[in-house]
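Asks: please work out how this folds:
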Amino acid sequence: DKDTLTELKNKYPMGDKNKSAIPTRPLSISEHIWGSFDDPGQPIKGLNLSESRASILDRFPERELSEIYILKDRSKAEEYIKNGNYDEQTKKKLTTELDRMQNEWRENEKTEEGRIKNRNVEAAFKGYDVIQYEGRLPVYRNQNGAILPFPIINSDFGPRDVTDSGVHNGLDFPVPIGTPVPVVYSGTVIKSNYSESWGNYVVVKSEDGYNVYAYRSSSDVKVGDQVNQGSQLGRSGNSGFFIKDGVSQQVGAHFHFGVFIDENLKKPVDPKGSE
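Replies: Model prediction:
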């Protein structure tokens, strides 16, 4: 309601100057999974799942295991419920809601809006805060206070042996080709170019350094543009190549995000922040 929105504005004065968008407050797992955010002016749309589905999440001892239990390994979830200190009626209800949650997840994967909802749930599993402004894409704040474009990472910052370079100066996210890519930190586009190692890439200068967005299939920005957190920078792709054992190979579908402290992009830092 209007009173709630006013309270959120006053309590969480985040966002770009002179913007009327209302940021989200940090949400608990329960609030994010089953809360409804469909009222006009609310920045996030929840999954509208029932309270009992939220209780499934809150009763699992480990957030990271919750995703496996609920979305990938139904037998483990059933075993957890069976051995839990619940009466038979509650066990039956939780199992029924588990099935519904899995079905809703699969249905969400069929649409772009649904996939965003699922990413927000993945973020909740990891304990990330979802930050989303009206009319923009979500970004995710981890426990270190760093902002990430997507919640799931499949190649971390630092040493690695999957390429001849032996080091990874950013983070890779396993998203399909054509996934909308959000601006992580507001700033100015200072470079839009192509290189073999980064494919189609953009560099944004922000208060947090120089941010590299690589392997895009399309771009919605040009050099000189002012971009805001959560606005669409472009779409992910598989442009670019890597070298392994002296052989150049095209990268698979994913998105790369890097943070540097120098304009020459020679001094990378971990985008996840410090522990």
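Asks: going along the chain, name the helices of the stretch 151-275 of the chain.
Replies: According to DSSP state H, counting those that start in this stretch, the stretch 151-275 of the chain carries no segments that qualify as helices.
Asks: for it, just list every one of the strands.
Replies: 158-159, 167-168, 171-173, 180-182, 187-195, 199-206, 209-214, 216-219, 226-227, 232-236, 241-244, 247-250, 255-260, 268-269 (DSSP state E, counting those that start in this stretch).
Asks: out of those, which is closest to Ile152?
Replies: Among these, strand 171-173 comes nearest to Ile152, with 6.4 Å by Cβ to Cβ. Glycine gets a C-beta too; all of them are placed from N, C-alpha and C.
Asks: now what about that closest one, what contacts it?
Replies: Counting by Cβ atoms under 8 Å, 6 or more residues apart in numbering, strand 171-173 makes contact with 148-150, 152-157, 236, 254-258, 271-272, all of which sit outside it.
Asks: just the buried members of those residues?
Replies: Judged by neighbour count, with 16 or more other Cβ atoms under 10 Å as the criterion, the buried members of the contacts of strand 171-173 are 148-150, 153, 155, 157, 236, 254-258, 271-272.
Asks: which of the residues you listed lies closest to Asp73?
Replies: Closest to Asp73, out of all of the buried ones among the contacts of strand 171-173 and judged by Cβ to Cβ, is Ile153, at 20.8 Å.
Asks: what about that closest one, distance to Leu171?
Replies: Per Cβ to Cβ, to the nearest Å, Ile153 is found 5 Å from Leu171.
Asks: overlap in contacts of the two?
Replies: Lys272.
Asks: once you drop chain neighbours, what's closest to Gly224?
Replies: Here the nearest residue to Gly224 in space, its sequence neighbours aside, is Val189; by Cβ to Cβ, 6 or more residues apart in numbering that works out to 6.4 Å.
Asks: pretty sure that neighbour contacts Val204?
Replies: Yes: counting by Cβ atoms under 8 Å, Val204 is a contact partner of Val189 at 5.6 Å.
Asks: quick revisit: which one of the buried ones among the contacts of strand 171-173 is nearest Gly84?
Replies: Within the buried ones among the contacts of strand 171-173, proximity to Gly84 (Cβ to Cβ) peaks at Ile153, which comes in at 31.0 Å.
Asks: contacting residues around that closest one?
Replies: Leu171, Asp172, Phe173, Lys272.
Asks: what would these look like in CSV with distance to Asp87?
Replies: Listed next are the contacts of Ile153 as CSV, based on distance: Cβ to Cβ, whole Å:
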residue, distance to Asp87
Leu171, 45
Asp172, 45
Phe173, 42
Lys272, 42
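Asks: many thanks, we can stop here.
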